[in-house]
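Asker: kindly generate the corresponding structure for this input.
(4 chains)
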Number of protein chains: 2
Amino acid sequence: MRESDFDVVRQLPLFCDMDRAHFDALLAAAHLQRLPKSTNLIHEGDLPDFLHIVVEGAVELFAESHGRETTIDILRPVTTFILAAVIRDEVYLKSARTLTQSRILMIPAKAVRDAFGRDAAFARAIVGELAIRYRSIVRVLKDHKLRTGVERLANWILTSEQEQGGRGRVVLSYDKRTLSARLGMSPEHLSRNLTHLAQNGVVGNGREIVITDRGALQRYAKADPLIDG
Amino acid sequence: MRESDFDVVRQLPLFCDMDRAHFDALLAAAHLQRLPKSTNLIHEGDLPDFLHIVVEGAVELFAESHGRETTIDILRPVTTFILAAVIRDEVYLKSARTLTQSRILMIPAKAVRDAFGRDAAFARAIVGELAIRYRSIVRVLKDHKLRTGVERLANWILTSEQEQGGRGRVVLSYDKRTLSARLGMSPEHLSRNLTHLAQNGVVGNGREIVITDRGALQRYAKADPLIDG
DNA sequence: CGTGGGGTTGATACAGTTCAAGATACGTGG
DNA sequence: CCACGTATCTTGAACTGTATCAACCCCACG
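Answerer: Got it, this is the predicted structure:
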């Protein structure tokens, strides 16, 4: 593992307060893997072997049941995932795959649980991390139950635009098929919804989406800080 | 607070390992309130004053946005709620109200955060509790995104029947209106779905639902341990 | 009794999916 | 650099799941 990556991980809220020796032990047991696009990382129903951390790239969390599949969330660096399963040593409830080439840090689950039992600062940091994850999934749930597809899209455009610097345009970092899954709609519906938003200040053009009338879009989206964060 | 209630709380996984003195301090600052049906306990957007615990009765977690409302979960004793907001000292993302007359233990948020900082065993117990809550909401999300309304109903009947002793019948402890909200459908739709299930081994009769053909119902429901727990 | 709330039933409308076909962009080999 | 084949994206039409509105029923309760 590169020195710079080591530092990035060390500075994560999850690790920055823990005892140096415990941290070193944790990372000594860990692997940093560079993985190609569309690699399956974990599969729901399995018992956790590793705590995963997206260091670079993008990871999709999804779930299947009887032939149906749904995207739960898309994670960007630097984020832990399946922490709850590791802590409880219970089966994963979701699966994960890379969406782009990614670098994933994998820390053996047992090492995490050991450090958790031994290092109080680490235990407290895990609480913070879990609470963040919990609140994040509550937002996802509200987004899906309180909004229609077009509204989710409108709000996604607004928040993505902010993340990308507020220049009035959003560039997709994955294909529209994936975006439609992330927004919980079929690819066809995303396409239609995008044309529908043309009347509300948005123009789509390939992988670029341009906001032509932010006021109109905001009025239409009805953003809610308790959903969009 | 009654002696027996004190013991019940002390024995919760969240508290049983913590230092006796810290526990006493926590409870000294707490109130146990008996509240009538339909009392609002917390409102989304407010900052947390108390950690709440359902000791008796039933509590509905719900959320609103721009005139729409959705039920997130229904909690039965003994369960904590809004722990994540208390720990992070951030606004509630959901609201809560009693569904029946209930007894709710309220522990001042500051006292919880103090104990959390001072008592490592308590911090670890909070991790366990948060991980359970997290996994529970993932199941709720999967239930809604991977199933139709009728399927949710069928699975709800099966798990409720197990909880009520596996005697082939389920008795509702709240009205159908509330159940329909819990299942994420309109009251009309619940009614229709229930008659639809008549062909699949279920007979509804007022507040009682009887399973006449468990095999047929199970086949229809396609239960999934990664959703129903 | 009458009144009202919860529940059912019917008719209609909307959101979203699916299937099928056409359009557009995109990387590869010639 | 172009032609081709494949991916992805869009468009259209039919269909499923669910919501909404309205009428009605039933029973509990004043």
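Asker: do the helix ranked longest in chain A and chain B meet at all?
Answerer: Looking across chain A with DSSP state H, the single longest helix is helix A:120-146. Yes. Under the criterion of C-beta under 8 Å from any C-beta of the partner chain, chain B is reached by helix A:120-146 at A:120, A:123-124, A:126-128, A:130-135, A:137-142, A:144-146. Placement of C-beta: from N, CA and C, glycine included.
Asker: which residues sit against the lowest-mean-pLDDT helix or strand in chain A?
Answerer: Ranking every helix and strand in chain A by mean pLDDT, DSSP states H and E puts helix A:3-10 at the bottom, with a mean of 86. Helix A:3-10 is contacted from outside by A:15-16, A:23, A:27, A:32, A:53, A:55, A:78, A:103, A:105, using C-beta atoms under 8 Å, 6 or more residues apart in numbering or on different chains.
Asker: before we move on, back to that, can you show me the CA trace of the helix or strand just after the longest helix of chain A as CSV?
Answerer: Next along the chain after helix A:120-146, taking DSSP states H and E as the criterion, comes helix A:149-163. Below are the C-alpha coordinates for helix A:149-163, written out as CSV (Å, rounded to 0.1, in the frame of the first residue of the first chain):
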residue,chain,number,x,y,z
GLY,A,149,-39.6,9.4,-10.3
VAL,A,150,-39.4,12.9,-12.0
GLU,A,151,-39.0,14.6,-8.6
ARG,A,152,-36.2,12.2,-7.6
LEU,A,153,-34.5,13.0,-10.9
ALA,A,154,-35.0,16.8,-10.5
ASN,A,155,-33.5,16.7,-7.0
TRP,A,156,-30.7,14.4,-8.0
ILE,A,157,-29.7,16.9,-10.7
LEU,A,158,-29.8,19.8,-8.3
THR,A,159,-27.6,18.0,-5.7
SER,A,160,-25.2,16.6,-8.2
GLU,A,161,-24.8,20.0,-9.8
GLN,A,162,-23.8,21.4,-6.4
GLU,A,163,-21.3,18.6,-5.8
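Asker: is helix A:149-163 anywhere near DNA strand C?
Answerer: Yes. Shown here: helix A:149-163 in contact with DNA strand C (C-beta under 7 Å from any atom of the strand) through A:149-150.
Asker: could you check the angle that helix makes with helix A:120-146?
Answerer: Interaxial angle, helix A:149-163 versus helix A:120-146 (axes from the mean of the first three to the mean of the last three C-alpha atoms, to 10 degrees): 140 degrees.
Asker: which strands or helices does helix A:149-163 pack on?
Answerer: helix A:120-146, strand A:169-171, helix A:187-196, strand A:208-211, helix A:214-221, helix A:225-228 (3 or more C-beta pairs under 8 Å, 6 or more residues apart in numbering or on different chains; DSSP states H and E).
Asker: which of these is buried the deepest?
Answerer: helix A:120-146 (a mean of 21; mean count of other C-beta atoms under 10 Å in any protein chain shown).
Asker: okay if I get the helices and strands packed on helix A:149-163 as a markdown table plus mean pLDDT and distance to DNA strand C?
Answerer: As requested, those are exported to a markdown table (pLDDT from 0 to 100; distance: least, C-beta to the nearest atom of the strand, whole Å):
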| stretch | mean pLDDT | distance to DNA strand C |
| --- | --- | --- |
| helix A:120-146 | 94 | 9 |
| strand A:169-171 | 94 | 12 |
| helix A:187-196 | 96 | 4 |
| strand A:208-211 | 94 | 11 |
| helix A:214-221 | 95 | 13 |
| helix A:225-228 | 96 | 15 |
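Asker: of all those, which lies closest to B:G165?
Answerer: Closest to B:G165 of those, according to C-beta to C-beta: helix A:120-146, at 30.7 Å.
Asker: is that closest one anywhere near DNA strand D?
Answerer: No. Contact between helix A:120-146 and DNA strand D is absent, the nearest approach being 9.3 Å (criterion: C-beta under 7 Å from any atom of the strand).
Asker: give me the distance from that helix to the chain's centre.
Answerer: From the chain centre to the centre of helix A:120-146 is a distance of 12 Å (C-alpha atoms, centre = their mean, to the nearest Å).
Asker: which ones among the contacts of helix A:3-10 are found in helices?
Answerer: Counting by DSSP H, these contribute A:23, A:27 to helices.
Asker: please pick the buried ones from the contacts of helix A:3-10.
Answerer: A:15, A:23, A:27, A:32, A:53, A:55, A:78, A:103, A:105 (16 or more other C-beta atoms under 10 Å in any protein chain shown).
Asker: need those in JSON lines (columns: distance to A:S173 and pLDDT).
Answerer: Compiled in JSON lines, these are given as follows (distance: C-beta to C-beta, whole Å; pLDDT from 0 to 100):
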{"residue": "A:F15", "distance to A:S173": "27", "pLDDT": "95"}
{"residue": "A:F23", "distance to A:S173": "31", "pLDDT": "96"}
{"residue": "A:L27", "distance to A:S173": "28", "pLDDT": "93"}
{"residue": "A:L32", "distance to A:S173": "22", "pLDDT": "93"}
{"residue": "A:I53", "distance to A:S173": "19", "pLDDT": "95"}
{"residue": "A:V55", "distance to A:S173": "16", "pLDDT": "92"}
{"residue": "A:V78", "distance to A:S173": "16", "pLDDT": "88"}
{"residue": "A:R103", "distance to A:S173": "16", "pLDDT": "93"}
{"residue": "A:L105", "distance to A:S173": "21", "pLDDT": "95"}
